[in-house]
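S.K.: Build me a structure from this.
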Amino acid sequence: MSDEIWDPGLQSERTRLAWVRTAVALSSGGLGAMGLSARHGLPLGAIAAFVPAAFCGAALLLRTGIRFRRVQEALHGGRSVDARLDALLAWLGTLSVVAGALVFVLVLA
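M.R.: Got it, this is the predicted structure:
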C-alpha cells in the first residue's frame, strides 16, 4: 500500500466540475432571483439580498482555474489542499440565497 496522496484517477477533475456547477448555480440563481424580484416590484432591499449570491458565484467561477492548478500541485507534491476561502464563498452565497428567498416570501405573503 502506498502512502502517496496522488491517485491517477479523475477525482480532481470531477471536483473541479462540481465547483463550476456550484459557481454557475449561485451566480445564475442570484441574477435570476434579482430579476424575478424586480419583476414582482419588490423593494430594493429584497432585490439586493440576492446580490451576494451572484458575486460569490462569479468569484468562485473566476477562481476555478487557479484552484485546479493549486490542487494538482498539492496532490503531486504530497501536500494537503486548503479550500477554506472557496468553501466560505460557497457558504456565503448559499446563505444569501436563503436570506433573499425568505425576504421574497415574506414580502409577497
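
S.K.: Could you list the low-confidence segments of this structure?
M.R.: 1-9 (pLDDT under 70).

S.K.: try 80
M.R.: For the chain, applying pLDDT under 80 flags the ranges 1-13, 71-72, 74-78, 80-83, 109.

S.K.: starting at the chain centroid, how far to the top helix by length along it?
M.R.: The longest helix of the chain (DSSP state H) is helix 11-39. For helix 11-39, the distance from its own C-alpha centre to the chain's C-alpha centre is 6 Å (CA atoms, centre = their mean, to the nearest Å).

S.K.: The helix or strand just after that helix - contacts with which helices or strands?
M.R.: Remark: after helix 11-39, the chain's next helix or strand is helix 44-48, criterion DSSP states H and E. Applying 3 or more CB pairs under 8 Å, 6 or more residues apart in numbering; DSSP states H and E, one finds that helix 44-48 contacts helix 11-39, helix 84-108. (Each C-beta comes from the backbone N, C-alpha and C, glycine too.)

S.K.: angle of the longest helix of the chain against helix 84-108?
M.R.: 30 degrees (axes from the mean of the first three to the mean of the last three CA atoms, to 10 degrees).
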